[in-house]
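Engineer: requesting a structural model of the entry that follows:
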Amino acid sequence: MHTLSYMEKLVDSLFLFSKFEMGKIDFQLEPVCLQAYLLDWSTETAATVKNRGLSLSLENDTGRTMVLLDRTQFPRVLDNLVENSIKYKKEGVGHLRVTLREDGADIFLRFADDGMGVGADDLPHLFESFYRTDPARSHVSKGSGLGLAIAKQILSGIGGNIWAEETPGGGLTIAMRLPKWQPKETAT
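Structural biologist: Predicted coordinates:
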């Protein structure tokens, strides 16, 4: 049954990725208070992942800033980042620190874990479809190699971008930039 579940997930990921590649996903963007959204998400997610050996924390350095999000697609990004932190954590309890920071017209969101990390040469390639950094990450039961490629497509579709960095002290940081949403002033 495990193999069937993996195959179903792989087919779903391939189908979703191909739809993104062909431009067949219509993003339903709406203004969302990112601070409130992430607070709800982190509270719910922290309780779930604690049993899987991951400690999740949220640090916020913003006000009630609004961004445009697709409420169907954006959770795929968050889920993928959490799953990657669980898959590639070291022995014992892993830690994932999510930070939210405002800088001018942009919001920066960082997911820093203390897991196995990747080499500096691999960082720019992590968002390529099916890219694997080393033999430890090529075990197919750990995923399809499409999660970060899908995340990149979603961030692009909502007007942001995503990249990878080494976490100081070890691990991997996935960073995102999202433009602030500004309501258009109506003529009076």
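
Engineer: out of everything not next to it in sequence, what's closest to residue 64?
Structural biologist: residue 33 (5.1 Å; CB to CB, 6 or more residues apart in numbering). C-beta: built from backbone N, CA, C; applies to glycine.

Engineer: what of residue 56?
Structural biologist: Residue 56 sits nearest to residue 46 (CB to CB, 6+ apart), 4.2 Å away.

Engineer: whichever helix or strand that neighbour is part of: which residues count as buried?
Structural biologist: Per DSSP states H and E: residue 46 is located in helix 34-50. By 16 or more other CB atoms under 10 Å, the buried positions in helix 34-50 come out as 34-35, 37-38, 41-42, 45-46, 49.

Engineer: so what's the residue count around residue 181?
Structural biologist: Here the number of neighbours of residue 181 (other CB atoms under 10 Å) works out to 18.

Engineer: may I have the phi/psi pair for it?
Structural biologist: Main-chain dihedrals, residue 181, degrees, to the nearest 10: phi -90, psi 130.

Engineer: before we move on, what about residue 157?
Structural biologist: Torsion angles, degrees, to the nearest 10, at residue 157: phi -70, psi -20.

Engineer: OK, contacts around the nearest residue to it once chain neighbours are set aside?
Structural biologist: Distances taken as CB to CB, 6+ apart place residue 27 nearest to residue 157, at 4.6 Å, with adjacent residues excluded. Neighbouring residues of residue 27 by CB atoms under 8 Å, 6 or more residues apart in numbering: 70, 73, 157-158.
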